[in-house]
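Peer 1: any chance you could fold what I've pasted below:
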Amino acid sequence: MKKFMTLFLVFSLLSISGNFFSPILWAEEKFQARLLPEMGRGSQRAKKLIISIESYTSAEEIFQLIQTFNTGGFDQFRSAFRAMNKGSVRPRGGSGLNISLYAAQNIQTDKGRQIILVAESQSLDPDVQLRLNSRFPFMVIELNINKKGKGKGKLYLQANIRLTHQGTIERGSYSLPPKQLFGVSTLK
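Peer 2: Prediction:
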């Protein structure tokens, strides 16, 4: 019985310290993807995106955002959301464009994982002004990555999101059709 209690305490302490130190031990994760050019935009080449994820959004952070929205409304929610810097999206060769990611969620699937990333709605091309729609204030990127680190994805320039009471983020409706992301892969 003493041996059992000792092992139980050791594993308990390891799990508590693992949860405490996991943000410190987290290594940045990077992906690359290709976005095909718009039809009728000349002979532009596919745009390469570099997606850097510094940390993933926890269920506790989702619960805090829900509570902030319920008590303070959308403006306070948006301020709290913007404070949650989770990474960035950069078009390679882009003229200094850096899109901040405010939410990132990693969901395990049978084939690998799905990664959902959320930023504020904006254009990926600094020369193109996106007409903002207050009903769809977010940019959502969905990546489907297989166990070998390769996959595909979709980019929604104008969408809304749902924060669930299970601590997850879901893409809601969207105003523009999604853009396909090809050649999605992890970067080492």
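Peer 1: for residue 105, helix, strand, or coil?
Peer 2: strand (DSSP: H, G, I helix; E, B strand; the rest coil).
Peer 1: next secondary structure element downstream of the lengthiest strand in the chain?
Peer 2: Using DSSP state E, we find that the single longest strand of the chain is strand 150-163. The helix or strand immediately downstream of strand 150-163 is strand 169-174, counting by DSSP states H and E.
Peer 1: residues in contact with that following strand?
Peer 2: 57, 62, 103, 105, 116, 118, 136, 140, 142, 156, 158-164 (CB atoms under 8 Å, 6 or more residues apart in numbering). Yep, even glycine has a C-beta here, placed from its N, CA and C like the rest.
Peer 1: check stretch 28-36 too.
Peer 2: 46-54, 87, 91-92, 115, 124, 143, 145, 153, 155, 179-187.
Peer 1: since we're on residue 188, how many residues are nearby?
Peer 2: Residue 188 has 5 neighbours, counted by other CB atoms under 10 Å.
Peer 1: let me fix that: residue 87
Peer 2: So residue 87, with other CB under 10 Å, has 22 neighbours.
Peer 1: what sits against it?
Peer 2: Taking CB under 8 Å, 6+ apart, we find residue 87 in contact with 28, 51, 52, 53, 54, 55, 100, 101, 104, 117.
Peer 1: now, which of those sits nearest residue 75?
Peer 2: Distance to residue 75 across the contacts of residue 87 (CB to CB) is lowest for residue 100, with 18.3 Å.
Peer 1: so which strand or helix has residue 68?
Peer 2: helix 59-82.
Peer 1: low-confidence regions, this protein specifically.
Peer 2: Within the chain, the stretches with pLDDT under 70 are 1-27, 37-45, 93-96, 125-130.
Peer 1: grab the most central residue of it for me.
Peer 2: Among the residues of the chain, the one closest to the centroid is residue 117, at 1.8 Å (CA atoms, centre = their mean).
Peer 1: pretty sure it sits against residue 53.
Peer 2: Yes - the pair residue 117 and residue 53 qualifies as a contact (CB atoms under 8 Å) at a distance of 7.4 Å.
Peer 1: and for these two, which residues touch both?
Peer 2: With CB under 8 Å, 6+ apart, residue 117 and residue 53 have common neighbours 86, 87, 101, 104.
Peer 1: ok, of these, which come out buried?
Peer 2: Neighbour-count burial (16 or more other CB atoms under 10 Å) applied to these gives 86, 87, 101, 104.
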